[in-house]
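Engineer: structure, please.
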Amino acid sequence: MKYNLIFYLSRKTSYCEKALKKALSPIGAEAHQITSATTPVELGAQVSRGLKLCPLTVIIGGFNSFEDDNLRVVLSRVFSNSKLTLDNMRKLSTESGSEGYIVRDKNQILLALPDSPDDITEMCSEELQEYIGSKLSSENG
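Structural biologist: Residues are numbered from 1 along each chain as shown. Below you'll find the predicted structure:
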């Protein structure tokens with residue numbers, strides 16, 4: 001399974017990329033395209049493009065901003081204008097209090113993770129791997 005990776009206002013990109021690669025390897029996921037975005041508009045364009053190419057799009061970063069470009073704020077604006085319900089979304093968290101999100105719509109999954117390799121490893125638990133693998137294989141297979 002291929003995924004697109006978008007770094008959004010992210011730090012430690014190479015470490016995060018390695019952590020994600022290792023975390024998703026048990027389900028056979030590998031990066032198709034890796035891009036970056038520094039504004040909500042760029043992020044929207046990258047996500048739209050990514051979802052057209054692969055069933056899984058991963059956003060890393062954007063949670064540390066205190067402005068309108070914070071990923072939480074951007075995602076809430078997007079989802080308030082969509083047909084998605086809370087059944088389609090799940091909040092992810094770590095012991096340290098970091099947040100992430102997984103959003104599923106039909107045969108697409110958007111995974112938003114913090115820009116910390118340790119948090120990525122913790123959030124991409126076996127349970128999350130199984131969820132992603134089962135949802136994407138049942139929809140695409």
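Engineer: ok, and the closest non-adjacent residue to the residue nearest the centre of the chain?
Structural biologist: Nearest residue to the geometric centre of the chain (Cα atoms, centre = their mean): residue 111, 2.2 Å. Nearest non-adjacent residue to residue 111, counting by Cβ to Cβ, 6 or more residues apart in numbering: residue 58, 4.7 Å away. C-beta here means a position set from N, CA and C on the backbone, and glycine is covered the same way.
Engineer: what about the one you found, which SS state?
Structural biologist: What DSSP: H, G, I helix; E, B strand; the rest coil gives for residue 58 is strand.
Engineer: repeat that for residue 42.
Structural biologist: helix.
Engineer: and for the one 5 residues further on?
Structural biologist: The three-state label given to residue 47 by three-state DSSP is helix.
Engineer: list the buried residues in the lowest-mean-pLDDT helix or strand in the chain.
Structural biologist: Across the helices and strands of the chain, the lowest-confidence element by mean pLDDT, DSSP states H and E is helix 71-80, at a mean of 76. Under the neighbour-count criterion of 16 or more other Cβ atoms under 10 Å, helix 71-80 has 71, 74, 75, 78, 79 buried.
Engineer: do the same with stretch 26-40
Structural biologist: 27, 29, 35, 36, 37, 40.
Engineer: follow-up on the earlier one: in contact with the residue nearest to the centre of the chain, which residues?
Structural biologist: 56, 57, 58, 59, 100, 101, 102, 103, 132 (Cβ atoms under 8 Å, 6 or more residues apart in numbering).
Engineer: SS state for the closest residue to residue 108 other than its chain neighbours?
Structural biologist: For residue 108, ignoring the flanking residues on the chain, the nearest one in space by Cβ to Cβ, 6+ apart is residue 51 at 5.2 Å. Put simply, residue 51 is helix when judged by three-state DSSP.
Engineer: right, I'll leave it there.
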